[in-house]
Structure formats: structure tokens, C-alpha cells
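Asker: Sequence and computational prediction follow.
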Amino acid sequence: MAASFPETAISTERLLLRPLAEDDAPGLAAMMADELVLTWTDLPYPFTEAYAAELARTLAPAHRAAGRGIVFAVTEHLTQRLVGLVELRNTDWRLRSTEIAYVTAPWARGEGYAPEAVLGTAQWLFEDRGFLRLEMRTAAGNTAAQQVAQKVGGISEGVLRSAWIVRGESSEIGGPWGTGGARRAAVGATFGGRSEAESRSDLILWSLLPEDMEYPAEPGSAWHGDHRYVLRD
């Protein structure tokens, strides 16, 4: 039997990361109906409620059972509202290494939920599961994802050239690409009955190791509950 993550939940100060449930489907579909999600991820588009239910019912459990990773719904403790999604993937059990990807709902951005969820996941991996490396890959133009990697203490290891596809026009998401960003490609794809341009993009590779985790400066100043690591400015 392949090694795999246990079906579990992770609690942080404000968030609960738990397995997806079928009744998450409406909120999940609403969260993914966003131009930034279309642009920066490889998730299906349109991301329907039917697909969201299938993800919760069969795809995510199969992903975990096969040892490839695990998918967490990210919810607020206070409201139980779905505010994001975290996925571990490309897990190498011999190297004790995995990659994390994350999406934050449009209504929850700017609250620091993504770094809190990533840091909570990293602590669980390193302390409870014995992992030794966590990777993040961010598109060269995705500054928000890069800020998350920096806040959790990730170290930039280099650039994977032309390693990703960005969907949609870059001018609609904050201006033209800078040097080393996306390369325009003479290709288009149809999503939900409309044509969207595609671009090739570099990826920035980040890593987080157990020794990169930062301890609170003073006793009792942990950033959430019994979780003893802090976000960086």
C-alpha cells in the first residue's frame, strides 16, 4: 500500500483546515468563479458545483489515498465560512518532500489567511509527519503568491523558465509583465464559451525547511495558540 497522509484537520488561530465535504460545493464554485483564479491556476474552468462535489466525493479522497498529497478546505473558526483551499501535491515520501498550492476566496483576501494556512500546514508537516521540505511554485507575475511565500519564511531557489501557462490577458490583472515574466504565445483556449489568451510564464521556486521556521521573539508571543512559529514582515 502506498504511503499517504491521514485524513485529518489542522487548526490555527483563525482557521480550520479540514477535508472537503460535498456541501462545500456551492461555496467552492463561487470561490473559483474569479478572474485571478482563472489566470494563475490550472483548475478547471468553469469550475461548476457538480465538479466541486465530485472533487469532495471522489477526486480529493483518491488523491490522498494514492499518496500524491491531500486537499484541505480552509474555513474560518468564527463563521465556518469557506475562505480558501490548500492542496499538497507531488509528494515524495522517500525525500519527505511535498509541494503546496493555495487559493484564497475573493471575499477573504487581504486578511492574511493564505500565509496562516500555509504556515499551519508546514508546522503539521514538519512536526507531526516528519517532512523535511515544503516547496511552493509561484508564477513570475503573481506577486500576491510570492508575498505569501516570503511571509512564511520561504527561500527563493531560482526560476523555472517557461514552466507554466497563464490564462487571460495580463493587462486585466495589473499591467504588463516585467522582465522574466510571462511570454506571450500565439495560442488561445475557450473557457465557458469565451476565448481567453494564454501566455507562457516563468515559475519562481521556493522552499521551506524545518530550520527556516521562525520562533516567537518572546515567550507567549506565538502567533496562534500553541503554534509556535511566526509570520515575517
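Answerer: Yep, it's here. Quick caveat, the model's predicted, so the values are computed rather than measured.
Asker: mind listing the strands for the protein?
Answerer: Ranges of strands within the chain are 10-11, 15-18, 70-76, 82-92, 97-104, 133-139, 155-167, 183-191, 194-208, based on DSSP state E.
Asker: Reformat these as a markdown table; add mean pLDDT and distance to Asp34.
Answerer: Every residue, glycine included, has its C-beta placed from N, CA and C. As requested, those are exported to a markdown table (pLDDT from 0 to 100; distance: least, Cβ to Cβ, whole Å):
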| stretch | mean pLDDT | distance to Asp34 |
| --- | --- | --- |
| strand 10-11 | 98 | 24 |
| strand 15-18 | 98 | 20 |
| strand 70-76 | 98 | 15 |
| strand 82-92 | 97 | 12 |
| strand 97-104 | 97 | 9 |
| strand 133-139 | 97 | 16 |
| strand 155-167 | 95 | 12 |
| strand 183-191 | 33 | 13 |
| strand 194-208 | 85 | 14 |
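Asker: Let's have these in JSON lines, adding mean neighbour count and distance to Phe47.
Answerer: Output for those, formatted as JSON lines (neighbours: other Cβ atoms under 10 Å; distance: least, Cβ to Cβ, whole Å):
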{"stretch": "strand 10-11", "mean neighbour count": "18", "distance to Phe47": "24"}
{"stretch": "strand 15-18", "mean neighbour count": "20", "distance to Phe47": "20"}
{"stretch": "strand 70-76", "mean neighbour count": "22", "distance to Phe47": "14"}
{"stretch": "strand 82-92", "mean neighbour count": "20", "distance to Phe47": "11"}
{"stretch": "strand 97-104", "mean neighbour count": "22", "distance to Phe47": "10"}
{"stretch": "strand 133-139", "mean neighbour count": "21", "distance to Phe47": "19"}
{"stretch": "strand 155-167", "mean neighbour count": "15", "distance to Phe47": "13"}
{"stretch": "strand 183-191", "mean neighbour count": "11", "distance to Phe47": "10"}
{"stretch": "strand 194-208", "mean neighbour count": "18", "distance to Phe47": "14"}
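Asker: Return the residues in contact with the most centrally placed residue in the chain.
Answerer: Per Cα atoms, centre = their mean, the C-alpha nearest to the average position across the chain is that of Tyr102, at 1.3 Å. The neighbourhood of Tyr102, defined by Cβ atoms under 8 Å, 6 or more residues apart in numbering, consists of Gly84, Leu85, Val86, Glu87, Ala114, Ala117, Val118, Ala145, Val148.
Asker: what about 7 Å?
Answerer: Tyr102 makes contact with Gly84, Leu85, Val86, Ala114, Ala117, Val118 under the criterion Cβ atoms under 7 Å, 6 or more residues apart in numbering.
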